[in-house]
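S.K.: Any chance you can model this:
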Amino acid sequence: MKNVLFSLSAAALLLIVDLTGLAAQDRLSGELFATRSEVIAKNGMAATNHPLAGQIALDILKKGGSAVDAAIAANAFLSFADPAMNGPGGDLFAIVWSADDRQLHGLNASGRSPQNLTIDYFREQGIESISASSPHAVTVPGAVDGWVELHNKFGSLEFEELFAPTIQYAREGIGMTAEIADLMDYLERDLIRGYGLGDDFEWDDLDYFSSLYRPEGRFPQKGELHKNPDLAETLELIARGGRDAFYEGDIAEVITTHIQEMGGFLTMEDFAAHRSEWVDPVSVSYRGVDVWQLPPNVQGMSVLQMLNILEGFDMAEYGFGSPEHIHYFTEAKKLAYADMATWYGDPDFSDLPIDQMLSKEYADSRREKISDKWTGSYGTGIEGESHTIYLTVADGDGNMISLIQSNSWLFGSLITPPGLGFPLQNRGTGFTLEEGHVNTYEPEKRPFHTIIPAFVTKDDEPYISFGLTGGDMQPQGHVQIVMNVIDFGMNLQEASDAPRIRHSGSGEGFIQLESGFQYESVRELLKMGHQVRYGFESFGGFQGIMFDGTFYYGASESRKDGQAVGY
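M.R.: Residues are numbered from 1 along each chain as shown. Model (predicted):
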């Protein structure tokens with residue numbers, strides 16, 4: 001998808017807003033922005049970005065599978081159906097609510113850099129940054145180990161059974177959906193320029209990649225048949241052999257040989273040494289609920305820092321879409337992202353002041369920097385491309401999983417080891433080669449990650465499992481979902497479909513607004529010194545499930561191809 005961004009005159013902004021007819025203070029039903037009603041079911045629920053993924057998850061639940069079983073099955077399918085976003089070559093993070101022990105469990109299934117590659121190599125070669133298409137951008141993929149760890153701890157069905165639907169679909173083929181086709185078109189038209197492949201690049205240079213994803217000399221369009229029998233073979237190996245099939249067998253051999261032939265450093269030893277890590281999620285309270293994220297090396301704590309700052313403002317009184325809502329949200333984002341740029345990295349390599357950054361006292365001190373009348377600059381933030389899938393599943397026993405998985409860029413590094421049917425991620429672009437930075441490259445280190453699952457509890461009970469795709473939009477989107485539900489009283493579907501705010505750039509930067517905000521608010525923001533632009537297709541994609549103690553309420557936003565389904 002292409003982000004179309006341009007500055008607007010006051011007249012143009014007024015026209016856009018007038019066309020929408022969506023005045024926030026006129027919201028009476030609580031469903032002004034909702035494109036459809038929520039899905040309500042008692043025995044199970046799945047919300048994914050592809051209808052067939054949701055149906056697979058539901059079938060697994062009906063067979064007696066757990067929420068985790070269903071999430072793994074859906075994720076495996078998306079590695080075929082949405083290959084630019086995710087797959088066995090990417091990483092995975094999850095938050096699981098276990099009905100057995102009544103607590104949250106966090107899984108960090110991200111991979112590490114090669115053991116025998118040091119920063120001295122980059123300096124000797126005169127490399128100043130890690131290119132997106134470089135073999136040095138490929139870290140050990142963690143998704144498959146994540147599937148195995150989740151299944152070992154929370155699975156009910158046989159591991160092999162979870163992959164059968166995708167294996168059949170990959171061999172027989174499915175119709176390409178609209179939003180996924182648009183993403184591939186975006187890669188062809190625009191994003192490819194950022195990979196550092198040179199002006200003379202031709203798609204035929206990527207022989208195997210092109211045979212998989214461009215069999216007719218172009219990416220498939222909406223409604224055209226998409227197959228991947230090679231991925232079906234790989235998933236069969238993983239289904240039968242589990243973790244060892246991927247990290248210590250033929251698959252690892254093919255990957256490491258291919259990377260080394262390209263000048264990379266990943267070895268069989270790197271793959272064999274890989275392990276996911278179970279971690280304790282971190283949280284803050286926000287107006288009577290507890291919002292949970294995973295700790296670094298991901299950016300989820302910025303959600304909690306933003307909420308801590310925003311808790312000091314009466315958002316319900318200001319109202320959705322008011323200049324105060326947009327202004328204070330934007331300033332809180334800038335403050336949190338400034339901390340992110342300085343402090344968020346692999347905790348195995350840095351002493352991170354997590355408790356201090358999440359304290360209410362620290363939030364009070366940060367909030368004092370915000371002017372009620374003027375935009376401010378609080379230091380540089382981290383911006384970047386990231387392409388991701390998010391899904392959430394709940395089962396009849398009360399278990400819920402919030403799962404996110406990604407290749408980083410579209411199709412990751414574009415590096416596609418022969419015969420395996422999937423590309424490798426380029427998470428190594430999350431490293432910097434700057435001396436002394438929290439994310440400075442080091443061997444066996446996990447890079448900074450943008451992908452974050454989220455969870456909300458209320459009175460120590462599960463309340464909302466949710467997530468949102470979109471790189472550095474993800475924390476901003478998480479905060480807006482929480483505010484929409486808690487501050488503005490929206491139902492889950494409306495909260496996901498409501499127009500969004502995205503702040504971009506370092507320093508003061510600029511605000512992008514989806515259509516639906518009033519011109520009066522935009523005018524006040526301009527007076528405060530904000531740069532305001534109209535934007536679309538850059539606001540992420542939400543899936544969520546809410547639990548009221550009896551029923552699950554599912555929502556899948558209109559910006560994606562997916563749906564929420566239950567039974």
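S.K.: Tell me where the model's unsure across this protein.
M.R.: Along the chain, segments meeting pLDDT under 70 span 1-31, 191, 379-387, 506, 536-537.
S.K.: ok, longest helix in the protein?
M.R.: Among the segments of the chain that qualify as a helix by DSSP state H, the longest is helix 323-343.
S.K.: Tell me the buried residues in it?
M.R.: Across helix 323-343, burial judged by 16 or more other C-beta atoms under 10 Å covers 323-341, 343. (C-beta placed from N, C-alpha, C; glycine too.)
S.K.: again, but for stretch 489-498
M.R.: Buried residues in stretch 489-498, counted by 16+ other C-beta under 10 Å: M490, N491, L492, Q493, E494, A495, S496, D497, A498.
S.K.: for whichever helix or strand comes after the longest helix of the chain, packing partners?
M.R.: Using DSSP states H and E, the helix or strand that follows helix 323-343 in sequence is helix 354-357. Helix 354-357 sits against helix 301-310, with contacts defined as 3 or more C-beta pairs under 8 Å, 6 or more residues apart in numbering; DSSP states H and E.
S.K.: Could you check the angle the helix it packs on makes with helix 323-343?
M.R.: Here helix 301-310 runs at an angle of 140 degrees relative to helix 323-343 (axes from the mean of the first three to the mean of the last three C-alpha atoms, to 10 degrees).
S.K.: Touching helix 301-310 from outside, list them.
M.R.: 282-284, 286, 291, 293, 295, 328-329, 331-333, 335-337, 339-340, 344, 354, 357-360, 362-363, 366-367, 370, 452, 454, 475-476, 478-479, 482-483 (C-beta atoms under 8 Å, 6 or more residues apart in numbering).
S.K.: And for stretch 429-442?
M.R.: 113, 118-119, 122-123, 127-132, 137, 342-346, 349-350, 352, 384, 408-409, 428, 445, 447-450.
S.K.: Mind giving me the PyMOL select for the residues you listed, buried ones only?
M.R.: One line in PyMOL is enough to select the buried ones among the contacts of stretch 429-442; burial here means 16+ other C-beta under 10 Å:
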select buried, resi 113+119+122+130+131+132+137+343+344+345+346+350+352+408+409+428+445+447+448+449+450
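S.K.: ok, L197 touching S134?
M.R.: No: using C-beta atoms under 8 Å as the test, L197 is too far from S134 to be in contact (10.2 Å).
S.K.: In terms of neighbours, single out the busier of these two.
M.R.: S134 (20 against 16; other C-beta atoms under 10 Å).
S.K.: any idea how far I127 is from that one?
M.R.: Per C-beta to C-beta, to the nearest Å, S134 is found 8 Å from I127.
S.K.: swap in M528?
M.R.: For M528 relative to I127 (C-beta to C-beta), the value is 42 Å.
S.K.: And the strands in the stretch 151-300 of the chain?
M.R.: Here the stretch 151-300 of the chain has its strands, by DSSP state E, counting those that start in this stretch, at 174-175, 225-226, 277-279, 282-286, 289-293.
S.K.: other SSEs contacting the first one?
M.R.: Packed against strand 174-175 by the contact rule (3+ C-beta pairs under 8 Å, 6+ apart) you find strand 225-226.
S.K.: which residues touch the strand it packs on?
M.R.: A81, G173, I174, G175, M176, P220.
S.K.: mind redoing it with 10 Å?
M.R.: 80-81, 83, 169-170, 172-177, 180-181, 212-213, 215, 219-220 (C-beta atoms under 10 Å, 6 or more residues apart in numbering).
S.K.: Give me the buried entries from those.
M.R.: Judged by 16+ other C-beta under 10 Å, buried ones among the contacts of strand 225-226: 80-81, 83, 169-170, 174, 176-177, 180-181, 212-213, 219-220.
S.K.: Name the nearest of those residues relative to T392.
M.R.: Closest approach between the buried ones among the contacts of strand 225-226 and T392, by C-beta to C-beta: A81, at 17.3 Å.
S.K.: which non-adjacent residue is nearest that closest one?
M.R.: H50 (5.2 Å; C-beta to C-beta, 6 or more residues apart in numbering).
S.K.: Which secondary structure state is assigned to the nearest residue to D230 once chain neighbours are set aside?
M.R.: Excluding its sequence neighbours, the residue lying closest to D230 (C-beta to C-beta, 6+ apart) is G421, at 3.3 Å. Following DSSP: H, G, I helix; E, B strand; the rest coil, the label given to G421 is coil.
S.K.: V565 too?
M.R.: V565 ends up strand, using three-state DSSP.
S.K.: Show me the beta-bridge partners of it.
M.R.: Beta-bridge pairing of V565 under DSSP bridges involves A46.
S.K.: ok, it - contacts?
M.R.: Residues in contact with V565 (C-beta under 10 Å, 6+ apart) are 39, 41, 44-48, 51, 53-55, 57-58, 61, 554, 556.
S.K.: Which members of those residues are classed as buried?
M.R.: Restricting the contacts of V565 to buried positions leaves 39, 41, 44-48, 53-55, 57-58, 61, 554, 556, with burial counted as 16+ other C-beta under 10 Å.
S.K.: Write down the beta-bridge partners of F542, one by one.
M.R.: With DSSP bridges applied, F542 shows beta-bridge pairing to L468.
S.K.: any idea how far it is from Q125?
M.R.: 42 Å.
S.K.: And these two? Which one has more around it.
M.R.: More crowded of F542 and Q125, by other C-beta under 10 Å: F542, with 30 against 10.
S.K.: list the contacts for the closest residue in space to S402 that isn't next to it in sequence?
M.R.: Distances taken as C-beta to C-beta, 6+ apart place P453 nearest to S402, at 3.9 Å, with adjacent residues excluded. Shown in contact with P453 (C-beta under 10 Å, 6+ apart): 92-96, 106-107, 281, 292-294, 298, 300, 390-392, 401-405, 465-468, 474, 478.
S.K.: what's the answer for R500, then?
M.R.: 468, 470, 473, 476-477, 480-481, 484, 512-514, 516-517, 535, 538-540, 542, 557, 559.
S.K.: Among these, which are located in helices?
M.R.: M473, Q476, G477, Q480, I481, N484.
S.K.: Quick check on those: which are buried?
M.R.: Neighbour-count burial (16+ other C-beta under 10 Å) is assigned, among the ones in helices among the contacts of R500, to M473, Q476, G477, Q480, I481, N484.
S.K.: Which strand residues bridge A41?
M.R.: Applying DSSP bridges, one finds that A41 bridges with Y552.
S.K.: Tell me if I'm right that it and L58 touch.
M.R.: Yes: assessed by C-beta atoms under 10 Å, A41 is found in contact with L58 at 9.4 Å.
S.K.: so what sits against both of the two?
M.R.: Between them, A41 and L58 share these contacting residues under C-beta under 10 Å, 6+ apart: V565, G566, Y567.
S.K.: Pick out whichever of these sits closest to G142.
M.R.: When the shared contacts of A41 and L58 are compared against G142 (criterion: C-beta to C-beta), the nearest one is V565, at 28.0 Å.
S.K.: ok, I167 - contacts?
M.R.: Counted by C-beta under 10 Å, 6+ apart, I167 has contacts A76, F77, F80, E160, P229, L231, A232, E233, T234, L235, E236, A239.
S.K.: tally of neighbours for the second one?
M.R.: Residue crowding around F77 was assessed by other C-beta under 10 Å; the count is 28.
S.K.: give the contact list for it.
M.R.: Contacts of F77 (C-beta under 10 Å, 6+ apart): 48, 50, 52-57, 162-163, 165-167, 169-170, 174, 235, 391.
S.K.: make it 6 Å
M.R.: A53, I56, T166 (C-beta atoms under 6 Å, 6 or more residues apart in numbering).
S.K.: gap between it and L310?
M.R.: In this view, F77 and L310 are 37 Å apart by C-beta to C-beta.
S.K.: Likewise for the fourth one?
M.R.: Using C-beta to C-beta, we find E160 at a distance of 46 Å from L310.
S.K.: These two: which is more packed in?
M.R.: L310 (24 against 15).
S.K.: Go ahead and measure how far stretch 546-562 is from the middle of the chain.
M.R.: Relative to its chain's centre, stretch 546-562 lies at 17 Å (C-alpha atoms, centre = their mean, to the nearest Å).
S.K.: nope, stretch 220-231 is what I meant
M.R.: Centroid displacement of stretch 220-231 relative to its chain, using C-alpha atoms, centre = their mean, is 24 Å.
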